[in-house]
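Asks: sharing a sequence plus its predicted fold:
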Amino acid sequence: MKRLLLLMLFVLPCVQADEGAEFVQTPYTEQKVVFDFYLDNPHKINAALYWIRSLMNPLMDSPYDMAPEFMDLKVIIHGTEIVTVARKNYAKYKDAVERMRYYSELGVEFRVCGLAAEDYGYRNEDFHDFIKVTPSAITELAHWQLQGYAVIRPIVVEKTLSIEEIR
């Protein structure tokens, strides 16, 4: 009898119907975020920009209906992706530049590390007009974090399998 009772205690919870995951409507509020872009390949900029979209779009949609001015977003650029915002490379990175310009018009600030710019031989006038050049990405990141901004560093990996292959 004891064995039957123990068996029922351990087996019955496992037999319950799985109803699936629960959707949670988190009560998001105003956003203060600084994105740390430090990419090992400039072509990864498009995937990194997707992270901005992934933050903004749900907040602009219902039920939040936040206007972009309630999102204080900054992007610090200091990796190889710095070449994407150099005016001379516009043709090569046009899609990314136009996405950044669009986000800029929504209030996202794009800042380039002055030290990295110097390493690449760029001057302030070499960048598009929506770019702000700062003394250093590291001091910039520290400054904004001390002002209460969340730091998000997009991790962009090379996909080797399609979603269909791994589902």
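Replies: All right, it came through fine.
Asks: center of this protein, which residue is that?
Replies: residue 51 (2.9 Å; C-alpha atoms, centre = their mean).
Asks: now it. Nearest residue, chain neighbours left out?
Replies: residue 154 (4.3 Å; C-beta to C-beta, 6 or more residues apart in numbering). For the C-beta atoms, the positions are set from N, CA and C on the backbone; glycine is no exception.
Asks: next one: residue 100
Replies: Nearest one to residue 100, counting by C-beta to C-beta, 6+ apart, is residue 110 at 5.7 Å.
Asks: need the helices for the protein, in chain order.
Replies: Using DSSP state H, the helices of the chain run over residues 2-15, 45-60, 94-105, 114-119, 137-146, 163-166.
Asks: closest one to residue 66 among those helices?
Replies: When those are compared by C-beta to C-beta, helix 45-60 sits nearest residue 66, at 4.4 Å.
Asks: show residues contacting that closest one.
Replies: 28, 31, 33, 35, 37, 39, 64, 66-68, 70-71, 73, 75, 81, 84, 93, 95-96, 99-100, 103, 106, 108, 152, 154, 156 (C-beta atoms under 8 Å, 6 or more residues apart in numbering).
Asks: go through that helix and flag the buried ones.
Replies: 45, 47, 48, 49, 51, 52, 55, 56, 59 (16 or more other C-beta atoms under 10 Å).
Asks: any idea how far residue 160 is from residue 70?
Replies: 38 Å (C-beta to C-beta, to the nearest Å).
Asks: which one of these two has more residues nearby?
Replies: residue 70 (14 against 7; other C-beta atoms under 10 Å).
Asks: test my guess that the more buried one contacts residue 31.
Replies: Yes: using C-beta atoms under 8 Å, residue 70 makes contact with residue 31 at a distance of 7.3 Å.
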